[in-house]
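A.B. asks: Return a 3D structure for these sequence lines:
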Amino acid sequence: MKKKVEDIHKRHSVLKEIISTDEIFNQTQLVKSLKQKGIKSTQATLSRDLSELGVVRVPTANGLVYKLSATGDEITLKYRVAEEIISIHKNETLIVIKTYPGRAQGVAVFLDRQSDIGILGTIGGDDTIIVIPQSIKKIKKIIEQIKITLGIN
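C.D. replies: Reported below is the predicted structural model:
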């Protein structure tokens, strides 16, 4: 899992660099730019990454280009991450979050970056995340904190 998280962070960093320095008009062009920098990415992964990063298409004199949204920071990211979650369940020791297919790793990365919600870490599969709490006594509180962080009622 750690390697995948590192890969996601690296891909996101390179995406931000490309979008910030080049005029990118479509995802095909973006996939090619990533490939030139040694990063392979599918269109589905790229779409997910763009969503997670809050990337928007803005009009320019040359046409619509991808840009990092000025408002595409934590608020937009939290909203988009929250949209990926189907359910949150717990037992006596763990929290399990169900997401739409292909979305769990992005949500897991987001949760791992939250330092104040009481988790040790996550394991993200395709559509399921296992959340390891810092204390099993605080699982209910951690679930509430996750919901508050993401704006889920």
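
A.B. asks: from here on, contacts and neighbour counts on C-alpha atoms
C.D. replies: OK.

A.B. asks: Show me the residue at the heart of the protein, geometrically.
C.D. replies: The residue lying closest to the centre of the chain (C-alpha atoms, centre = their mean) is Gly106, at 3.4 Å.

A.B. asks: And Val55, how close does it get to Val65?
C.D. replies: 10 Å (C-alpha to C-alpha, to the nearest Å).

A.B. asks: Which one of those two is surrounded by more residues?
C.D. replies: Using other C-alpha atoms under 10 Å as the criterion, Val55 and Val65 rank with Val55 on top: 24 against 18.

A.B. asks: Got the domain ranges for the protein?
C.D. replies: 2-68, 86-150 (automatic domain parsing).

A.B. asks: Quick one, grab the pLDDT at the residue of the chain most remote from its centre.
C.D. replies: Relative to the C-alpha centroid of the chain, counting by C-alpha atoms, centre = their mean, Ala61 is the outermost residue, at 30.8 Å. For Ala61, the model assigns a pLDDT of 84.

A.B. asks: Gly124 now?
C.D. replies: pLDDT, Gly124: 92.

A.B. asks: and the longest helix seen in the chain, what other elements does it pack with?
C.D. replies: Ranked by number of residues, the top helix in the chain under DSSP state H is helix 2-21. On a contact count with 3 or more C-alpha pairs under 8 Å, 6 or more residues apart in numbering; DSSP states H and E, helix 2-21 meets helix 27-36, strand 63-68.
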